[in-house]
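Chemist: Here is a sequence with its predicted model. Questions after.
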Amino acid sequence: MKTNIMEISDDLMEALRVPPAEKLTRIRQELAIRLYQKELLNFGKARKLAQMTKWEFHRLLGQEGILRHYGMTELEEDLKTLEVSE
């Protein structure tokens with residue numbers, strides 16, 4: 001799997017108004033939320049970007065007031081998950 005790296009300058013990291021230990025996590029979550037909200041990433045990919053479990057990401061979206069998108073793709077993914085679980 002190919003990995004991409006995004007560079008963020010020190011001055012931008014310092015300008016972020018969250019505790020230092022939370023900065024990278026917060027950037028990942030904010031990016032994941034916005035990409036999901038704009039339908040540029042599906043739920044599964046957005047939660048992976050945020051490095052959260054399914055339930056943690058659902059909770060985060062709720063806290064942010066973001067509506068869930070649930071279409072045929074998500075239904076098919078859920079059905080595949082159920083088939084594997086049986």
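Modeler: Cool, the structure landed. Numbers count the residues shown, from 1 in each chain.

Chemist: Just the element for residue 33, please.
Modeler: helix 23-37 (DSSP states H and E).

Chemist: quick one: average confidence on that helix?
Modeler: Here helix 23-37 scores 96 as its mean pLDDT.

Chemist: Give the buried residues for it.
Modeler: Of the residues in helix 23-37, 23, 27, 29, 32-33, 35-37 count as buried by neighbour count, 16 or more other C-beta atoms under 10 Å. The way it works is simple: take the backbone N, C-alpha and C, and place the C-beta from them, glycine included.

Chemist: May I see the buried residues of the helix or strand that comes right after it?
Modeler: Where DSSP H and E defines the elements, the next helix or strand beyond helix 23-37 is helix 43-50. Using 16+ other C-beta under 10 Å as the burial criterion, the residues of helix 43-50 that qualify are 43, 46-47, 49-50.

Chemist: any idea how far residue 12 is from the residue nearest to residue 46 when sequence neighbours are not counted?
Modeler: Nearest non-adjacent residue to residue 46, counting by C-beta to C-beta, 6 or more residues apart in numbering: residue 36, 3.8 Å away. Counting by C-beta to C-beta, to the nearest Å, the gap from residue 36 to residue 12 is 22 Å.

Chemist: What residues does residue 26 make contact with?
Modeler: Neighbour list for residue 26: 16, 18 [criterion: C-beta atoms under 8 Å, 6 or more residues apart in numbering].

Chemist: where in this structure is pLDDT low?
Modeler: 85-86 (pLDDT under 70).

Chemist: Now for residue 75, how many residues are close by?
Modeler: 10 (other C-beta atoms under 10 Å).

Chemist: Next one: residue 48 relative to residue 11, how far apart?
Modeler: Residue 48 is 29 Å from residue 11, by C-beta to C-beta.

Chemist: looking at it, residue 31 is touching residue 48, isn't it?
Modeler: No. Using C-beta atoms under 8 Å, residue 31 is not in contact with residue 48; the gap is 11.8 Å.

Chemist: Distance-wise, check residue 8 relative to residue 23.
Modeler: Residue 8 is 9 Å from residue 23, by C-beta to C-beta.
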